[in-house]
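>>> Just need the structure, nothing else, for what follows:
(one chain, ligands or ions: 1)
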Amino acid sequence: MIVCSTRPGRVGLAVGEWFHAQALQHKGFEVTLVDLAAVNLPMYDEPRHPSLQKYEHEHAKRWSASVASADAFVFVTPEYNYGPPPSLINALNYVYKEWNYKPAGFVSYGGVSGGLRAVQVEKLILTTLKVVPLVEAVVVPMVAQLMDAGAFRGSDLHVQAASVMLNELVRWADALKPLRT
Ligand SMILES: Cc1cc2nc3c(=O)[nH]c(=O)nc-3n(C[C@H](O)[C@H](O)[C@H](O)COP(=O)(O)O)c2cc1C
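Residues are numbered from 1 along each chain as shown. Sure thing, here's the model as predicted:
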């Protein structure tokens, strides 16, 4: 699972920590929380197309290994100006084959839209990376109202949505496995 927002003061990490707890309880996956703020990728700076997997920089090699190690993804994403955060687009561009034939779910949050417009754009880019984006999702409108002393408190509906999404993610991760070998 990838926490996509990186700015100081973000709520994304708190939402990510909440989802991490949901995913651990679900037990369908070994879960790793990857924080793009900690990964700290510079603006894309590789000289060759990522599909060649001939990376120049250590940060690209580390990111390649991290993405390659996953069977499935969950993007914890805000919406910036009706679109994805640039940190996510940058991280997507860095590698190619490492994303291929894996499913992805979304935990999106924002104002009244719950980040859904960002997710629609993310789905478009992800299909180019041969990622299968899921329909089932956790959508959090008015995220600020669910913040409590720095922690995100998801409602029962969010807990249920996380479980439904993770069930579906397990099915797709299994179904796509033959294409990854
Ligand atoms: C640059 C910027 C653009 C934003 N654009 C939107 C938007 O299009 N839709 C929305 O619902 N919220 C928007 N917001 C408000 C965010 O939903 C809110 O700040 C949220 O906390 C952002 O996630 P983060 O704290 O993890 O960065 C925007 C916030 C920022 C900083």
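
>>> List the strands paired with the longest strand seen in the chain, with their directions.
Scanning the chain for the strand with the most residues, using DSSP state E, yields strand 102-109. Looking at strand 102-109 with DSSP bridges, its partner strands are strand 73-77 (parallel), strand 131-133 (parallel), strand 138-140 (parallel).

>>> next structured bit after that strand?
Note on strand 102-109: by DSSP states H and E, the next helix or strand toward the C-terminus is helix 116-128.

>>> now the angle from that following helix to strand 73-77?
With axes from the mean of the first three to the mean of the last three C-alpha atoms, to 10 degrees defining the directions, helix 116-128 sits at 150 degrees from strand 73-77.

>>> and helix 116-128, average pLDDT?
Average pLDDT, helix 116-128: 98.

>>> just use 737 as the starting number from now, easier for me
Noted, 737 is the first residue going forward, which turns the last one into helix 852-864.

>>> Show me which residues of this protein are close to the ligand?
Contacts of the chain with the ligand, taken as C-beta under 6 Å from any ligand atom, map to 741, 743, 746-748, 814-818, 846-847, 849, 879. Any C-beta I mention is one placed from the backbone N, CA and C, and that applies to glycine too.

>>> Now render the residues you listed as a markdown table, adding secondary structure, distance to residue 805 and neighbour count.
Shown next, in a markdown table, are those (DSSP: H, G, I helix; E, B strand; the rest coil; distance: C-beta to C-beta, whole Å; neighbours: other C-beta atoms under 10 Å):
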| residue | secondary structure | distance to residue 805 | neighbour count |
| --- | --- | --- | --- |
| 741 | coil | 22 | 23 |
| 743 | coil | 26 | 12 |
| 746 | coil | 25 | 17 |
| 747 | coil | 27 | 20 |
| 748 | helix | 22 | 24 |
| 814 | coil | 25 | 23 |
| 815 | coil | 28 | 23 |
| 816 | strand | 28 | 17 |
| 817 | coil | 32 | 8 |
| 818 | coil | 32 | 13 |
| 846 | coil | 29 | 23 |
| 847 | coil | 34 | 11 |
| 849 | coil | 32 | 16 |
| 879 | helix | 29 | 20 |
